[in-house]
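Trainee: any chance you could fold what I've pasted below:
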Amino acid sequence: MGPVGLVKLSGGDEVTNPDGFGSRETDSQNYVHNPVMVSEVLNYISMAPIGMVVDATVGLGGHAAQILEAISSSTLLGLDRDADALALAQTNLGKFEGRFRLVNQPFSAIAEEVTRAQTSGFASAGPVVILADLGVSSMQLDDSSRGFSIRNEGPLDMRMDRASDVSAERILNEASFDELFHLLRDQDEPHARRIAQAVVEHRPFATTTELALAIEKVVPYHMRRGRIHPATRTFQAIRIAVNSEGSELDRLLLDGIELLVQGGIFVVISYHSGEDRATKRAFLSASTGGCVCPKALGCVCGAVSLGEVLTRGAKLPTSAEISGNPRSRSARLRAFRRGGGS
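Mentor: Coordinates of the predicted model:
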């Protein structure tokens, strides 16, 4: 595989050879991302001026490839915490050599990386588009060694960044009952108390199947027979805690809106209610400038709008897409356009 694009290893120098950038099992070398809601994403970003696109969750490069293909004059800065995914994205985006830069960073580092792109000459201005496709990729779910899957046995890991020292096993085996209860309750788990108690009583846990089985035993019988596994919200809550996803998203939304050029587009695809609420709240606040004046009286607080929300309610995938890609069923897309406020 020849050098393509530009990759930056976390904490290191930029390199052009992706070899050794994370490791994959042999049968995963050709894994290709099936991106969600591509036509909707392209529709919104077509409203933006030409310039640098930031894919804040580039993953395997599925959306990035579609964007670079559709907008031939664009360049793309891709961020991701998962070095394994970036190694594959490097290959998947090979035909666009010279038009993209991949960086092994969390999306909370967007301001730092946009500044670096400008000072290095990769970009002449701020981003015209920011895209964030949140959640776990199919590659991560299908790799049992990552610990994201409920149904496939693996270690309780769940780290997006394998260099992190906080794993699911550590949280489950060390957190107090109150900490576990609040983690689960914040993710709308209706049986947070009994699940947290079961974890405390039966730990230590070492594998995903051990945890899933313990949860199955304590939830009501009817939940064990449903289409969705009863441990789904627990796995989601632990993954969010392991990767600090709440604070990461808040930082991305705040900095991203500020970084966009006038007329720039911000698109977020979320997969659970917490992410969607945070996105909706951030976009609404930016559109009103934080104004809380009664609508009937008009704004008297001097708030300045930073743009407009383009989506009236979250956009959902089509039934045809869900049929072809069942994992897209939870996707919720929201879009925002930056105005002239500062």
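
Trainee: mind listing what's buried along stretch 157-167?
Mentor: Residues of stretch 157-167 classed as buried under the neighbour-count rule (16 or more other CB atoms under 10 Å) are 157, 158, 159, 160, 161, 167. The C-beta positions use only the backbone N, C-alpha and C, and glycine is treated the same way.

Trainee: make that stretch 93-101, sorry
Mentor: Of all the residues in stretch 93-101, those buried under the rule 16+ other CB under 10 Å are 93, 94, 96, 99, 100, 101.

Trainee: and the second one, how far from residue 79?
Mentor: For residue 94, the distance to residue 79 equals 19 Å [CB to CB, to the nearest Å].

Trainee: test for you: state the pLDDT assigned to residue 10.
Mentor: Reading off the confidence values, residue 10 has pLDDT 31.

Trainee: now residue 242
Mentor: Listed pLDDT for residue 242 reads 96.

Trainee: again with residue 43
Mentor: We have a pLDDT of 97 for residue 43.

Trainee: what packs against the one helix or strand it maps to?
Mentor: According to DSSP states H and E, residue 43 maps onto helix 38-45. Applying 3 or more CB pairs under 8 Å, 6 or more residues apart in numbering; DSSP states H and E, we find helix 38-45 packed against helix 62-70, strand 129-133, strand 265-270, strand 332-338.

Trainee: which of the ones you listed sits closest to residue 244?
Mentor: Closest approach to residue 244 among these (CB to CB): strand 129-133, 15.2 Å.

Trainee: and the next helix or strand past the closest one?
Mentor: Past strand 129-133, the next helix or strand by DSSP H and E is helix 138-142.

Trainee: where do the strands sit along the stretch 1-150 of the chain?
Mentor: Shown for the stretch 1-150 of the chain, the strands assigned by DSSP state E, counting those that start in this stretch span residues 7-8, 14-15, 52-55, 75-79, 100-103, 129-133.

Trainee: can you flag the weakest of those strands by average pLDDT?
Mentor: Mean pLDDT is lowest for strand 14-15 among these, at a mean of 29.

Trainee: okay if I get the strands of the stretch 1-150 of the chain as JSON lines plus distance to residue 215?
Mentor: Shown next, in JSON lines, are these (distance: least, CB to CB, whole Å):
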{"stretch": "strand 7-8", "distance to residue 215": "39"}
{"stretch": "strand 14-15", "distance to residue 215": "43"}
{"stretch": "strand 52-55", "distance to residue 215": "34"}
{"stretch": "strand 75-79", "distance to residue 215": "33"}
{"stretch": "strand 100-103", "distance to residue 215": "37"}
{"stretch": "strand 129-133", "distance to residue 215": "28"}
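
Trainee: CA atoms of stretch 273-281 as PDB?
Mentor: Presented in PDB, the C-alpha positions along stretch 273-281 are these (Å, rounded to 0.1, in the frame of the first residue of the first chain):
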ATOM      1  CA  SER A 273     -31.700  10.300  22.900                       C
ATOM      2  CA  GLY A 274     -28.900  11.800  25.000                       C
ATOM      3  CA  GLU A 275     -26.800  12.700  21.900                       C
ATOM      4  CA  ASP A 276     -29.900  14.000  20.000                       C
ATOM      5  CA  ARG A 277     -31.000  16.200  22.900                       C
ATOM      6  CA  ALA A 278     -27.500  17.700  23.300                       C
ATOM      7  CA  THR A 279     -27.400  18.400  19.500                       C
ATOM      8  CA  LYS A 280     -30.900  19.900  19.400                       C
ATOM      9  CA  ARG A 281     -30.100  22.100  22.500                       C
END
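
Trainee: check contacts around the residue nearest to the spatial centre of the chain.
Mentor: Using CA atoms, centre = their mean, the residue of the chain that lies closest to the mean C-alpha position is residue 134, 2.3 Å off. Residue 134 sits next to 57, 245, 249, 268, 269, 270, 271, 275 when contact means CB atoms under 8 Å, 6 or more residues apart in numbering.
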